[in-house]
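> Quick one: sequence plus predicted model below, questions after.
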Amino acid sequence: MKSKKLFKGLILISIFLLFGCSDQKTTVFILSSYDDKDVCGQPQVEGATDALREHLSNIKTEKIYLDFRRASERELEERCNNFIISVKSQNPSLIITIDDAAFQCAAKHLMGDKIPVVFSGLNITPESYNSKYKFMEERKPIKNFTGIYEKLFVSKQIEMLEVLLGKIEKIAIIYSTDFMGNALKEQVIYELKDSDFKNKIVLYPVSSLQELILATENINKRRDIIAYYPFVMSIINGKVLTISDVAPIMINKIKKIDLVINRQFVELGFFGGISVDFYKMGFRAGEMAFHILTTGKISDLEIEDAASFVRILNLKRAKDIKFKISDEKLSLFDEIIQ
């Protein structure tokens with residue numbers, strides 16, 4: 001009897017040593033398409049990180065940034081390859097990708113792998129990616145990828161604009177001809193394809209500072225254009241200029257409503273409208289990651305559209321463009337930045 005009790009005691013001690021005292025952490029890699037200050041990417045990174053920390057005490061997150069907006073194709077490929085080397089050597093429990101460049105890197109090398117991947121903020125539709133990777137059936141994952149498509153709520157945006165202004169004629173999209181600028185432009189067209197608004201869009205592609213200035217002057221001059229989307233994500237002027245660099249140019253030269261896609265654009269000085277909540281989108285990706293980490297069941301989680309948005313207004317910008325807004329219409333906004 002004593003030997004049996006001793007044996008059971010040794011087993012209990014062994015279990016305690018292995019699990020009770022273990023400080024081994026669950027490792028999650030977060031691969032962002034951009035840098036750690038990006039107005040689109042970083043709120044998602046922070047949301048995903050907060051969700052994981054809220055649900056898991058033993059979590060370790062490692063953040064990797066591709067800096068896609070500034071990187072050449074060669075640099076981007078090299079950074080992606082280095083990321084995959086890290087994945088193979090460190091074997092994280094799960095990967096979260098932020099926006100399309102990060103998704104494309106992970107999908108190219110890890111689609112069908114044992115490591116689960118949760119994506120956040122896709123601008124290219126999951127259906128488009130599925131034609132190549134075959135990772136879902138009617139948005140149910142059949143491989144190791146699931147996540148969230150970044151819906152822009154474009155129809156809601158224009159409906160709100162008509163509440164503020166009455167019937168509108170045209171809305172411009174001024175967009176950079178890089179991957180991200182084109183992707184955002186295509187998203188607007190995609191979301192409007194079955195709506196009455198689809199013929200109200202005027203396109204202004206730009207690839208240089210000079211083209212940007214000419215486009216802003218034309219948009220400001222045209223009376224039929226009452227608002228525009230500022231999708232100039234990166235252009236070349238000796239060096240790469242990002243949205244943060246060129247926002248003041250558009251704001252100074254175009255005295256019309258700037259329609260935003262997230263809160264950070266409003267903080268750059270743009271007017272506002274319907275804004276995707278990038279933080280909540282990232283937070284939701286973190287919740288999906290938690291579910292997979294604790295259950296191992298990625299097939300439970302269908303690919304989603306971003307669900308959260310806010311109506312946000314930059315009151316200073318409204319005054320700068322002499323846009324008068326009544327108290328009644330002001331109450332339509334969830335958030336007002338002075």
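Looks like it arrived, so ask away. Numbering: from 1, shown residues only.
> Name the SS class of Thr61, please.
strand (DSSP: H, G, I helix; E, B strand; the rest coil).
> Find the nearest non-adjacent residue to Asp277, please.
Of all residues not flanking Asp277 in the chain, Ser308 sits nearest, at 4.0 Å (CB to CB, 6 or more residues apart in numbering). In short, each C-beta sits where N, CA and C put it, glycine included.
> Please list all residues in contact with that neighbour.
The contact partners of Ser308, by CB atoms under 8 Å, 6 or more residues apart in numbering, come to 276-277, 280-281, 284.
> And for the residue lying closest to Asp67 once chain neighbours are set aside, the neighbour number?
Leaving aside its sequence neighbours, Asp67 sits nearest to Asp35 (CB to CB, 6+ apart; 4.8 Å). As a burial measure, Asp35 scores 16 neighbours (other CB atoms under 10 Å).
> which residues does Asp35 contact?
Asp35 is in contact with 41-42, 65, 67, 69-70, counting by CB under 8 Å, 6+ apart.
> ok, Asn182 touching Ile189?
No - with contact defined as CB atoms under 8 Å, Asn182 does not reach Ile189; the gap is 10.6 Å.
> Compare those two (neighbour count), which wins?
Between Asn182 and Ile189, Asn182 has the larger neighbour count (other CB under 10 Å), namely 17 against 14.
> Could you say whether Glu78 sits in a helix, a strand or coil?
Here Glu78 is recorded as helix under three-state DSSP.
> Domain ranges for this protein, per the record?
According to automatic domain parsing, the chain comprises the domains 25-150+279-308, 154-260.
> got those domains as CSV, with mean pLDDT and distance to Phe270 columns?
Below are those laid out as CSV (pLDDT from 0 to 100; distance: least, CB to CB, whole Å):
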stretch, mean pLDDT, distance to Phe270
domain 25-150+279-308, 96, 11
domain 154-260, 94, 4
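> the strands in the stretch 101-250 of the chain, which residues?
Listed in chain order, the strands of the stretch 101-250 of the chain (DSSP state E, counting those that start in this stretch) span 117-122, 136-137, 140-141, 145-149, 170-176, 201-206, 225-231, 234-237, 239-242.
> May I have the strands that pair with the last one, each with its orientation?
Strands flanking strand 239-242 in the sheet, each with its direction: strand 234-237 (antiparallel) (DSSP bridges).
> Check for me that Ile85 belongs to a helix.
Yes - looking at Ile85 with three-state DSSP, it is inside a helix.
> ok, it - how many residues close by?
Neighbourhood size, Ile85 [other CB under 10 Å]: 10.
> that older thread, cross the contacts of Asp35 against strands and list the overlap.
Counting by DSSP state E, the contacts of Asp35 place Tyr65 in strands.
> which of the contacts of Asp35 count as buried?
The neighbour-count criterion (16 or more other CB atoms under 10 Å) marks 41-42, 65, 67, 69 among the contacts of Asp35 as buried.
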